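1. the sequence and its predicted three-dimensional model are supplied below.
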Amino acid sequence: MKNTDFKALSNHLSGVSRRDFMKYCSIMAVGMGLPVGMGAQIAEAVTKAAKRPPVIWLSAQECTGCSESLLRATHPSLEHLILDLISLDYHETLSTPSGHQAEEARAASIKENKGKFILVVDGSIPLKDNGIYCMIAGKTAVDILKETAKDCAAIISIGSCAAWGGVPSADPNPTEATPVYKIIKDKPVVNIPGCPPNPYNFLSTVLYFVTFGKLPELDNLGRPKFAYSRLIHENCERRPHFDAGRFATAFGDDNHRKGYCLYKLGCKGPETFNNCSTLQFGDTGAGTWPVGIGHPCFGCSEGGVGFHIPLFTKASLHMVTPPDTYPHIAEGQGKGVGASLGGVAVAAAAAGAAYAAVNSVVKKLDNEEKGKK
């Protein structure tokens, strides 16, 4: 990134140094599973954009938690990143205008940026009785969604309500709360679930789109793989206690105070795909996520788990695998065939032993459950 490019940017981003901006872009690159060197390309794409990417943010059945989470992004802060690097043309909570002026701003952005703007949807969409249970400016949320989505480039469903239906869709789902992807099927939809999701999963997705002109690689549920490809359980800070069979059995008991595994208290980490255990929240790096402060994960980012299964129900363990920190089966670094085979054998033995240890704990827990029935 040339100094002249950054000089132009710095006129827009008061208070952000070149060093901090480059550091931020590098962090975003690593977070997306890209080489750290791609940070420079992200920075260049952002600063050379002829026009800031326009964003329209719609809110339906939601609690504003996703917006609150985004407001707490700090490197750089939201006012520097979101309000300067992208053009946030409409957001019911953050917009300066209100009433008719706000709706006119949304209509003007759609007209001026057909096929170019990113549509962000926060909250589930009620369909019962023609959608009358969520209305803005005299229109139903479903009509506003369809009207806006028609001319967007891509849709980001932020939070579990927009991605899966969330709290409003919990049984008996009185409003027929519906996720965005089930309504809009002719546009690419990215799901970023969580209640709320980590803001950097959203920011990274937007920056990827700005840099490469396309969405990041998604899994079969439309989630960015860089954030949702691994189970929380695999890299949980309490994972060693699970592997050793050490569990808290009641809130406040000795094992709970010692930081033991929370599986028996209903932790859904073994069946929840997210990066909470590695990225965490609040930029403090001090265990600021549910499990880190002693509460079981309740699977908020999984459609069939959070808000649909009783809170302290024990998680399914059929997907449990050893964590990333355990040795993997890989070729050794030696030059000879013997060295390579030796490396494979050692890694395979270590991985096999680790997997056997995990399975023994799982079998023990299964037997305990069967004994209670």
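-> Nice, I can see it. Residues are numbered from 1 along each chain as shown.

2. can you tell me how far Leu218 is from Ala137?
-> The gap separating Leu218 from Ala137 is 32 Å, by CB to CB, to the nearest Å. Every residue, glycine included, has its C-beta placed from N, CA and C.

3. neighbour count for those two, which is higher?
-> Leu218 (17 against 11; other CB atoms under 10 Å).

4. show me what the more buried one is bridged to.
-> Pro224 (DSSP bridges).

5. quick check, pLDDT for it.
-> Turning to Leu218, the model gives it a pLDDT of 96.

6. for the one 3 residues further on, same thing?
-> In the prediction, the pLDDT value recorded for Leu221 is 95.

7. chain center to stretch 78-98, what's the gap?
-> 21 Å (CA atoms, centre = their mean, to the nearest Å).

8. that one: end-to-end distance?
-> 21 Å (CA to CA, to the nearest Å).

9. kindly report the same for stretch 292-300.
-> First residue to last in stretch 292-300 (CA to CA) measures 16 Å.

10. make 377 the first number, not 1, from now on.
-> Sounds good: first residue 377 from here, last item stretch 668-676.

11. any idea of the mean pLDDT in it?
-> 93.

12. go through it and flag the buried ones.
-> Gly668, Gly670, Pro672, Cys673, Phe674, Gly675, Cys676 (16 or more other CB atoms under 10 Å).

13. tell me the one of those residues nearest Val543?
-> Nearest to Val543 among the buried residues of stretch 668-676 is Cys676, at 9.4 Å by CB to CB.

14. show me where the stretch 527-676 of the chain has its helices.
-> 536-540, 575-588, 601-604, 615-619, 630-633, 652-655 (DSSP state H, counting those that start in this stretch).

15. closest one to Ile560 among these?
-> Comparing the helices of the stretch 527-676 of the chain by CB to CB, helix 536-540 comes nearest, at 11.0 Å.

16. packing partners for that closest one?
-> strand 494-498, strand 565-568 (3 or more CB pairs under 8 Å, 6 or more residues apart in numbering; DSSP states H and E).

17. and it, what's buried?
-> Buried, per 16+ other CB under 10 Å, within helix 536-540: Ser536, Cys537, Ala538, Ala539, Trp540.

18. residue boundaries of the strands in this structure?
-> 430-435, 463-467, 494-498, 501-502, 511-512, 515-516, 530-534, 553-554, 565-568 (DSSP state E).

19. of all the ones you listed, which lies closest to Ile486?
-> Ile486 lies closest to strand 430-435 among the strands of the chain, at 7.2 Å (CB to CB).

20. parallel or antiparallel, list what pairs with the closest one.
-> For strand 430-435, pairing defined by DSSP bridges yields strand 463-467 (parallel), strand 494-498 (parallel).

21. any residues touching it, and which ones?
-> Defining contact as CB atoms under 8 Å, 6 or more residues apart in numbering, one finds that strand 430-435 is touched by 443, 458, 462-470, 482, 485-486, 488-489, 492-499, 512, 517, 520-521, 524, 528, 582.

22. want to try JSON lines for the helices and strands packed on helix 536-540, with mean neighbour count and distance to Thr689 as columns?
-> Shown next, in JSON lines, are the helices and strands packed on helix 536-540 (neighbours: other CB atoms under 10 Å; distance: least, CB to CB, whole Å):
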{"stretch": "strand 494-498", "mean neighbour count": "27", "distance to Thr689": "28"}
{"stretch": "strand 565-568", "mean neighbour count": "26", "distance to Thr689": "24"}
